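Asker: sequence plus the predicted model coming up.
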Amino acid sequence: MRKRDDRLRQVMLTYLRRPGLRWSVAVILVIPIFCILSVASFDIAKTIRALGWEYRSLRPFLFLVDPLLRLQFVWPRNSTILFSASLGGSVVAAVLVVWQARQQMFDANARLTPQFVGPGLLAPALFMVFLLATAGIWIGAGAWMLADAGLRPAWCLRVPDLNVLWYGYGPRATTIQYQLEAAHGYAAQGMSLASTSLTVALMVGAWSTVRRRWWIGLILVPVSAFICANSEFVVGFRLAAWIPYDWRHWSPFFIGFDYLDTDQLPWIIAIDVVGLIGLGWLWARMAGRDEPLKIPFARPAAIAMAWIDSTFQVRKSRGSIMQSGVWNRARHRRRIGIDQRAVWIIGGLTTIFMATLPFWLRTDHNSELFSRLSTAAIAPALVICLVWLGRRSSLAYESLRPATRVAFVRETGLAVLADLAELTLATVLAVLIGTVIWTPTMLSRVQLWTSLGALGLTQVLVFGILAEAIRSRSTAALPLATIFLICASELLVVRAWNGAPMSEGLIAAIIGVILAAHAYWRWCEADLA
Amino acid sequence: MNESPTTENSPLRLARLDKSYRKKKVLDKLDLNIAIGSVVGLLGKNGAGKTTLIKCALGLMRPDSGEATIFGKSAWTLDAETKARLGYVPQSVSLYSWMRIGQLVDYTAAFYPKWNAALVGDLLRDWELKADDKAGNLSVGTQQKLAIILAMGHEPDLLVLDEPAASLDPIARRQFLKAVLAVASDQTRTVVFSTHITSDLERVADRLALLRDGRIVYDGELDELKDSVKRWHVTAAGALPADLDVPGAVHRRIEGAEALLTVRGGTQESREEIERRYSASVRVEDLSLEDLFLELHEEEVQHAETR
């Protein structure tokens, strides 16, 4: 028993020593701690009067952070960044956890170590639970409960009419009973946020376990980005729309979704069956058994997989590219990262997904447009980060192909830029097609076009940060850049949607250009191995 | 025969190369000059600095001081034409797991102005690699084979391999050595490879660079080293002194009337002197490269203890 405990400790240490994972967890943990430390130092009454109702009801805790940042009147929606950071942190950490688990389970030395398999599977499971607890329950329930339910009496002493201002409630809000009710409500919301995190973590984590079929991951990215970017941050509101309240608790996969009522039991069964098969498959992969599971429809699925797999493969080159122009050479370098056809297929699938979602979820189409925009802002950065995360280790090897160091840097940078530009274009088209179908009147609104403009400018910032992260030899750089970019991309587009001036996007783009220039200069002079 | 290397024609030349990782010195004023047409084995124990040397030599890492040149050009600012004459297999191969072997070959070939498709086809067939197999599904050893083939397809004038045979099975190792010999048979092409497997080195290398603590302690013909370092078995009539003094002794083990000496550059006169002074007989034994490596390492340990 003791030996097994020691092995578990050893395996867990291998995770804790990953700098990328340490930093991601630090981001998740620091946000609520930062928030709690900040609550005492602001003028509650002034802020409540200045801001809209939704901050009083939906995000009371995060809105409290705004005054500390001294940005409450300039950046009315900057609290989004905190949610994005926590979700982004959990996504990156989940990828790293599953990635490492996969590496260890496929490593012969590790597998032959006595008492390894159990701890080897238990350790990532514990980390996933930890991520779930920190990213979801802690931020969602813990921080809210502490800040709102716990500190409200103190605030009420400072601002007597706080409850009226905040929720429109009377004095009962200060009673113990109300505190308990509020705590329960926040805990439920936290659970929903936790389920969002779990969904995202599993989807993105799945990508790292099935990298041989890398296109699955790319298809999952826009889906998970949509969940991150959902205007109603609690994904349970959306997914649970399919499931009746009474039936929800029968589903191991939807136990946390406690909100809406519909009557579609078949969905629960279908999702659970697919979910269980998926988990079984993942487990088999993690345990190192490569043979396919015997599931119904395996043959058609295999044919479809083979077709998609071959579609996503790189095309044959036409002769030497030695004498070609820089664009052709950059294009050639892209072939091992992300095929141009893959970009457009991802764009097409994203379009179908985003365009049909309002139909399935029966929600307000305007808010869906906003969600699509947010998705389009996040998805390209996330996809490119994941693609280049897997490719970076081979850059030194690639640099010895016939090209000067400067040309290599230029072509690689151009390849990243082209990946980003094509993917952005594909997702923007997806937004527009969805808009044409569901909200054609929005096409004449300036709000849509300024948001799209901001989205385009934001991608310049994304490129600059990506270039810095890729040229950096730090293992934590790309995961941290991913977290930051998820936050920054969404924040800038959300702000543009809410009427912020285009100059914000321009400033972001200028910063992006400066970062890209700096990355170029440093990369030309840096060690490559 | 190999040309004697000059700065201009040397495929690889390292001059006063220094490299430290924080406070740890990995390369220490290292000099190495490799001649065209030679097969050079780079031998050293773990942490001796072999990989760092190769990275600095290829311009992947900037040395703290000193200079690395490839075909007379600075490794740090190599032009495309010189890189086209260079082949490299890294210690840990990071191929693109989602690509098929045929596509990887095609992708790599497109970078080079000349590509010997027939040679690559032959090697793929000999090494039992199928163009339709995915790189990600290959074993570590098979990935290593593929990396070697990719590095040989453009028939580089300088082929640098960082522990290429470490993951290969005995059959694949023989095939690999055969391929290296085929490259070396063309006297204009040079191979540098680092390895721990001394038997491989003995089979193909004509020169040896022995790296120890960041310095090249031996750089020369392999046969010359074998000729210069011998083991002497001394059997005397009486007890031999504990401080038996033999010029060039690298390592000595003395037990009573028996002594086992490893001597570098030992002469006939030295042997006769021992035989005469101690009424002894001296039997001279050749050393394998592995024994040589161990003895020369022992020499350093002894020197370190003396210091």
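Answerer: Received it, and whenever you're ready, just let me know what you need.
Asker: may I have stretch A:462-475 exported as PDB, CA atoms only?
Answerer: Output of stretch A:462-475 as PDB, limited to C-alpha atoms (Å, rounded to 0.1, in the frame of the first residue of the first chain):
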ATOM      1  CA  VAL A 462      -2.700  37.400 -31.700                       C
ATOM      2  CA  PHE A 463       0.000  37.000 -34.400                       C
ATOM      3  CA  GLY A 464       2.500  39.200 -32.400                       C
ATOM      4  CA  ILE A 465       2.000  37.200 -29.200                       C
ATOM      5  CA  LEU A 466       2.100  33.900 -31.000                       C
ATOM      6  CA  ALA A 467       5.300  34.800 -32.800                       C
ATOM      7  CA  GLU A 468       6.900  35.800 -29.400                       C
ATOM      8  CA  ALA A 469       5.700  32.500 -27.800                       C
ATOM      9  CA  ILE A 470       6.800  30.300 -30.700                       C
ATOM     10  CA  ARG A 471      10.300  31.800 -30.800                       C
ATOM     11  CA  SER A 472      10.700  31.600 -27.100                       C
ATOM     12  CA  ARG A 473      12.300  28.400 -25.800                       C
ATOM     13  CA  SER A 474      10.300  28.500 -22.600                       C
ATOM     14  CA  THR A 475       8.000  25.600 -22.200                       C
END
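Asker: surely residue B:238 touches residue B:280?
Answerer: No - contact criterion C-beta atoms under 8 Å: residue B:238 and residue B:280 do not qualify, at 9.2 Å. For glycine as for every other residue, the C-beta is placed from the backbone atoms N, C-alpha and C.
Asker: of those two, who's got more company?
Answerer: Neighbours around residue B:238 and residue B:280, counted as other C-beta atoms under 10 Å in any protein chain shown, are more numerous at residue B:280. The numbers are 20 against 9.
Asker: can you tell me how far that one is from chain A?
Answerer: Distance, residue B:280 to chain A, by C-beta to the nearest C-beta, to the nearest Å: 50 Å.
Asker: over to residue B:192?
Answerer: Note on residue B:192: its distance to chain A, by C-beta to the nearest C-beta, is 14 Å.
Asker: quick check, that residue in contact with residue B:157.
Answerer: No - with contact defined as C-beta under 8 Å, residue B:192 does not reach residue B:157; the gap is 11.7 Å.
Asker: nearest to chain B: which residue in the stretch 51-200 of chain A?
Answerer: Using C-beta to the nearest C-beta, the closest approach of the stretch 51-200 of chain A to chain B is made by residue A:108 at 9.2 Å.
Asker: tell me how many other residues crowd that residue.
Answerer: If you count neighbours by other C-beta under 10 Å, residue A:108 ends up with 9.
Asker: any idea how far apart the tips of stretch B:63-74 sit?
Answerer: Start-to-end span of stretch B:63-74 (C-alpha to C-alpha, to the nearest Å) is 12 Å.
Asker: can you tell me if it touches chain A.
Answerer: No - applying C-beta under 8 Å from any C-beta of the partner chain, one finds stretch B:63-74 separated from chain A by no less than 10.1 Å.
Asker: stretch B:151-158 now?
Answerer: No - for stretch B:151-158, no contact with chain A is found by C-beta under 8 Å from any C-beta; the gap never falls below 8.6 Å.
Asker: now the end-to-end length of that stretch.
Answerer: One end of stretch B:151-158 sits 10 Å from the other (C-alpha to C-alpha).
Asker: could I get the buried residue list for it?
Answerer: Neighbour-count burial for stretch B:151-158, counted by 16 or more other C-beta atoms under 10 Å in any protein chain shown, picks out B:151, B:152, B:153, B:154, B:155, B:156, B:157, B:158.
Asker: how far does stretch B:196-212 sit from its chain's centre?
Answerer: Taking C-alpha atoms, centre = their mean, to the nearest Å, one finds the center of stretch B:196-212 at 5 Å from the center of the full chain.
Asker: can you pull the buried residues of it?
Answerer: B:196-198, B:200-212.
Asker: for the helix or strand hosting residue A:517, C-alpha coordinates in CSV please.
Answerer: Taking DSSP states H and E as the criterion, residue A:517 maps to helix A:502-525. Output in CSV follows, covering the C-alpha atoms of helix A:502-525 (Å, rounded to 0.1, in the frame of the first residue of the first chain):
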residue,chain,number,x,y,z
MET,A,502,-12.2,51.2,-33.0
SER,A,503,-9.0,52.9,-31.6
GLU,A,504,-8.8,50.1,-29.0
GLY,A,505,-8.5,47.5,-31.8
LEU,A,506,-6.0,49.8,-33.5
ILE,A,507,-3.9,50.0,-30.4
ALA,A,508,-4.0,46.2,-30.0
ALA,A,509,-2.9,45.8,-33.7
ILE,A,510,0.0,48.3,-33.2
ILE,A,511,1.1,46.3,-30.1
GLY,A,512,0.8,43.2,-32.2
VAL,A,513,3.0,44.6,-35.0
ILE,A,514,5.6,45.7,-32.4
LEU,A,515,5.7,42.3,-30.8
ALA,A,516,6.0,40.6,-34.2
ALA,A,517,8.9,42.8,-35.1
HIS,A,518,10.5,42.1,-31.8
ALA,A,519,10.0,38.4,-32.2
TYR,A,520,11.5,38.5,-35.7
TRP,A,521,14.6,40.3,-34.5
ARG,A,522,15.1,38.1,-31.5
TRP,A,523,14.4,34.9,-33.4
CYS,A,524,17.0,35.7,-35.9
GLU,A,525,19.6,35.9,-33.1
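Asker: helices and strands around that helix, which ones?
Answerer: Contacts defined by 3 or more C-beta pairs under 8 Å, 6 or more residues apart in numbering or on different chains; DSSP states H and E place helix A:502-525 against helix A:405-438, helix A:446-471, helix A:477-497.
Asker: tell me if the second one is near chain B.
Answerer: Okay, so that is helix A:446-471. No - Helix A:446-471 does not reach chain B (C-beta under 8 Å from any C-beta); its nearest approach is 13.9 Å.
Asker: for the stretch 351-500 of chain A, which residues are neighbours of chain B?
Answerer: Proximity of the stretch 351-500 of chain A to chain B, by C-beta under 8 Å from any C-beta, involves residues A:391, A:393-394, A:396-397, A:399-405, A:407.
Asker: what about 10 Å?
Answerer: A:390-408 (C-beta under 10 Å from any C-beta of the partner chain).
Asker: sorry, back to before: and for residue B:192 and residue B:157, which residues touch both?
Answerer: Taking C-beta atoms under 10 Å, 6 or more residues apart in numbering or on different chains as the contact rule, residue B:192 and residue B:157 both touch residue B:11.
Asker: show me where the stretch 51-200 of chain B has its strands.
Answerer: All strands of the stretch 51-200 of chain B, identified by DSSP state E, counting those that start in this stretch, fall at B:65-70, B:73-74, B:86-89, B:158-162, B:190-195.
Asker: packing partners of the shortest one?
Answerer: Same thing as strand B:73-74. For strand B:73-74, the packing partners by 3 or more C-beta pairs under 10 Å, 6 or more residues apart in numbering or on different chains; DSSP states H and E come out as helix B:80-83.
Asker: for the helix it packs on, the distance to its chain's centre please.
Answerer: With C-alpha atoms, centre = their mean as the basis, helix B:80-83 stands 24 Å off its chain's centre.
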